[in-house]
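**Q** After the sequence you'll find the predicted model.
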Amino acid sequence: MTIDTKAKKPLRTTRGFGGASTGKPNEQKSKSDSAREAIERGESRFNWTCERHGEADHYSKQGACVKCCSDRNRRAHAQRVATPEGRKARNDYQQERRSIPEVREAINAYHRRYDESRKALDPSYAAHMRAKAVNANAIRRMRELEPPRPETAMPSKETLRECAELVKHFPADAEVDHAIPLRGFLPGTKEWVVSGLHVPYNLEPMEARSNTLTPHLVLLSASGA
Ligand SMILES: [Zn+2]
């Protein structure tokens, strides 16, 4: 079956789209017909046979296999960041993009939407994100302490992984607290008397209210959670 892409102009075509190498006819319909129909239905993807991936999602606009594109992008990315110069160029570019308020807002909105949909599809993703947030919060607060914590008191990557694993199994509605606060004061003198660590055995799940309202028996946590 030949595919006459010139007769049906609405599609942007790319190399390989509708060509003999990839465009095996599914049933009676041509690939470009399937793509066009998907676009008419308002769908960004349609199902087609990929030589490498078999039955797979294809982009309605370009006709390319989603998995193939993803593989290619991943390979290109790995190649770009394989060198220190490549990594620096990538970071500089991202920083530059993020310095534009509209871009930053768009990126954040995208991540919020992504998180929401992932959480809706997969309950364990919510637990994973919470565990990451607990680690990020602890690190940020320890770095902000005055005087700052020595690097030796900062959790290692391994410790962070252990904390995350533990937090994932806390009840979903619990807040995560440091049993010994990261920075604990004497109530009267406000003297810094104790320095808790961000380690698994110093983490405990608490009811949200008890953590924000009730001070610790003797020590007040400067940082809250
Ligand atoms: Zn493919």
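**A** Received it, and whenever you're ready, just let me know what you need.
**Q** where along the protein do the strands fall?
**A** 45-50, 54-59, 175-178, 184-185, 192-194, 203-206, 220-221 (DSSP state E).
**Q** Any idea how far apart the tips of stretch 43-60 sit?
**A** 7 Å (CA to CA, to the nearest Å).
**Q** Tell me how far that stretch lies from the chain's centre.
**A** Here stretch 43-60 is found 25 Å from its chain centre; the criterion is CA atoms, centre = their mean, to the nearest Å.
**Q** Check stretch 146-166 too.
**A** With CA atoms, centre = their mean, you get 21 Å for stretch 146-166.
**Q** hang on, the earlier thing: most tightly surrounded among the strands of the chain?
**A** Of the strands of the chain, the one with the most neighbours on average (mean count of other CB atoms under 10 Å) is strand 175-178, at a mean of 21. (C-beta placed from N, C-alpha, C; glycine too.)
**Q** and this protein, which residues reach the ion?
**A** 50, 52-53, 65, 67-68 (CB under 5 Å from the ion).
**Q** So which of those residues are in helices?
**A** 67-68 (DSSP state H).
**Q** Please pick the buried ones from the residues of the chain next to the ion.
**A** Among those, those classed as buried by neighbour count (16 or more other CB atoms under 10 Å) are 50, 65, 68.
**Q** wait, which of those is closest to Leu186?
**A** Cys68 (62.8 Å; CB to CB).
**Q** wait, that closest one sits on Asp57?
**A** No - if you go by CB atoms under 8 Å, Cys68 and Asp57 don't touch, sitting 10.4 Å apart.
**Q** Identify the residues contacting stretch 85-95?
**A** 79-81 (CB atoms under 8 Å, 6 or more residues apart in numbering).
**Q** now that stretch, how far from the chain's geometric center?
**A** Using CA atoms, centre = their mean, the offset of stretch 85-95 from its chain centre is 19 Å.
**Q** Keeping just the C-alphas, turn that stretch into PDB.
**A** Output of stretch 85-95 as PDB, limited to C-alpha atoms (Å, rounded to 0.1, in the frame of the first residue of the first chain):
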ATOM      1  CA  GLU A  85      31.700  20.800  29.500                       C
ATOM      2  CA  GLY A  86      28.500  19.200  28.300                       C
ATOM      3  CA  ARG A  87      27.100  19.200  31.800                       C
ATOM      4  CA  LYS A  88      28.100  22.800  32.400                       C
ATOM      5  CA  ALA A  89      26.500  23.900  29.100                       C
ATOM      6  CA  ARG A  90      23.300  22.000  30.000                       C
ATOM      7  CA  ASN A  91      23.200  23.500  33.600                       C
ATOM      8  CA  ASP A  92      23.900  27.000  32.300                       C
ATOM      9  CA  TYR A  93      21.100  26.700  29.700                       C
ATOM     10  CA  GLN A  94      18.600  25.500  32.300                       C
ATOM     11  CA  GLN A  95      19.500  28.200  34.700                       C
END
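**Q** Looking at it now, give me its mean pLDDT.
**A** For stretch 85-95, mean pLDDT rounds to 93.
**Q** 34 is where my numbering starts, stick with that
**A** Fine by me, first position is 34 from now on; the one you just mentioned is stretch 118-128.
**Q** hang on, the earlier thing: would you turn the strands of the chain into CSV with distance to Ala122?
**A** Listed next are the strands of the chain as CSV, based on distance: least, CB to CB, whole Å:
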stretch, distance to Ala122
strand 78-83, 32
strand 87-92, 28
strand 208-211, 37
strand 217-218, 44
strand 225-227, 43
strand 236-239, 39
strand 253-254, 42
